[in-house]
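*Asks:* here is a sequence with its predicted model. Questions after.
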Amino acid sequence: MAHFLEKELKALGAQVELRELGPQGAGTNVDLPPIVLGKYGNDPNKRTILVYGHYDVQPALLEDGWDTEPFTLVQKDDKLIGRGSTDDKGPVLGWINSIEAHQQAGIEFPVNLVFCFEGMEEYGSEGLDDLIHEEANKFFKDVDATCISDNYWLGTTHPVLTYGLRGCSYYSVTVEGPSADLHSGIFGGMVSEPLIDLTHVLAQLVDPQGKILIPGVNDLVAPLTPDEEKLYDNIKYSMDDLYSATGSKTNLFDTEKESLKARWRYPTLSLHGIEGAFSAPGAKTVIPAKVIGKFSLRTVPNIQPRELDELVFKHIDNVWKKLNSKNKIEVKLLHDGLWWLSDPHHWNFEAAKKATKAVWHVDPDLTREGGSIPVTLTFEQALKKNVLLLPMGRGDDGAHSINEKINVDNYINGVKTLSAYLHYVSVEPSS
């Protein structure tokens, strides 16, 4: 994908380099995928806009439940189906299509573009933060604002602009006992079983209603102000949008406002899986010798990662001591990223509002989002310039899920919106 993007951009006349990041971790012989850095245009009289995206995707196998081969883009009716179609290969290609459209139509490109496309976003953007800080006053020094298209509308009919994201802290809990897997018929009831211990620990992190059971976490959350409360009143979102996106009615809250608050401005804890436990079809009477549970917390203002780590480790330690197990436990932070809030009234957002209205004929909703894009905050802090999230896809696109898609209408109008945004941003007053 990195070489594909390099070829496509160079064919359009962009200057491109693949920045190698070296091995993934000490002592490994697996290199991180390169960062694709590029520039299109160098007119000092034009604004320079940085566009970011990622060319890596979530894993996908046909046997996961896909209706089509996940890595072959397939059009069914009005949908383009395939892994990465909406997250985030589709939007990345949208920027390339925008340049192509200007060239084919003979229209002068309104801004200078700086590209930063990475290949490790789905695993915490390893190596990218250091590169951004190193290049802040070099490769990125002329950037006036940043635009990221790596998120989605709330629902399926109304466009949005996003000015806030939750952070994410991802942890592992390893419980280890016997030196090898054991036969449950021989050793069951005689030894402390790591999987039993682990499930007890995980069950003390969050309850079935989504309440975080780690003391002190909710005390770190910034209070809800009356002005913020009002922002939820006119958002174009219905419970049917939630039902459509999840394919179910398993909602924890019965109102749109409470659902959006849970998604945007409160922390959540999710359990993601257990390594080492038997998960294949059929019956296997094994006692696993070592199991690793994985969970994450989505964080919000004003939760700071190191304060959260302390609360998580302390809570699990207290739960573990009560089990009185002879097994061993180890808790690790695998990676984290801080939450982000921007100014939705900045000229960068004003240009995006006008572009959205021009293409979609409605004013966009201003939203926060429940997902995490840690590099958003890095760009803002390192470059000290406004960052805008301008989504292309819908809320039911199924990013990270089976049968990921983007609607043809969203893709075509999404490219138009990106293009219109660049024209509006080229003339939007700075004040």
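*Replies:* Right, received. Where do you want to start?

*Asks:* tell me how far the residue in the chain sticking out farthest from the centre lies from V286.
*Replies:* Here the chain reaches farthest from its C-alpha mean at I186, the gap being 45.5 Å by C-alpha atoms, centre = their mean. Remark: distance between I186 and V286 (C-beta to C-beta, to the nearest Å) = 11 Å. From N, CA and C alone the C-beta is placed, and that goes for glycine too.

*Asks:* the residue farthest from the centre of the chain: which element?
*Replies:* helix 184-187 (DSSP states H and E).

*Asks:* from the chain's centre, how far out does that helix sit?
*Replies:* Relative to the mean C-alpha coordinate of its chain, helix 184-187 is positioned 43 Å out (C-alpha atoms, centre = their mean, to the nearest Å).

*Asks:* for that helix, buried residues please.
*Replies:* For helix 184-187, burial by neighbour count (16 or more other C-beta atoms under 10 Å) applies to no residue.

*Asks:* what does stretch 420-431 give?
*Replies:* When burial is assessed from 16+ other C-beta under 10 Å, stretch 420-431 yields the following buried residues: A420, Y421, L422, H423, Y424, V425, E428.

*Asks:* among these, which two are most distant?
*Replies:* Looking at the buried residues of stretch 420-431 by C-beta to C-beta, the two members farthest from one another are A420 and E428, with 12.0 Å of separation.

*Asks:* next, show the common contact partners of those two.
*Replies:* Overlap between the contact sets of A420 and E428, as judged by C-beta atoms under 8 Å, 6 or more residues apart in numbering, is given by K354.

*Asks:* can you pull the domain assignment for the chain?
*Replies:* Domains of the chain are assigned by automatic domain parsing as 2-165+340-425, 167-221+266-337.

*Asks:* need the distance between the two termini of the last one.
*Replies:* Which is domain 167-221+266-337. For domain 167-221+266-337, the first and last residues are 5 Å from each other (C-alpha to C-alpha, to the nearest Å).

*Asks:* any chance you could map the strands in the stretch 251-400 of the chain?
*Replies:* 268-275, 286-287, 290-299, 328-337, 340-341, 365-369, 387-389 (DSSP state E, counting those that start in this stretch).

*Asks:* most tightly surrounded among those strands?
*Replies:* Each of those was assessed for mean neighbour count using mean count of other C-beta atoms under 10 Å. The highest is strand 387-389, with a mean of 26.

*Asks:* for the next helix or strand after it, packing partners?
*Replies:* Per DSSP H and E, the first helix or strand lying C-terminal to strand 387-389 is strand 405-407. Strand 405-407 sits against strand 79-81, with contacts defined as 3 or more C-beta pairs under 8 Å, 6 or more residues apart in numbering; DSSP states H and E.
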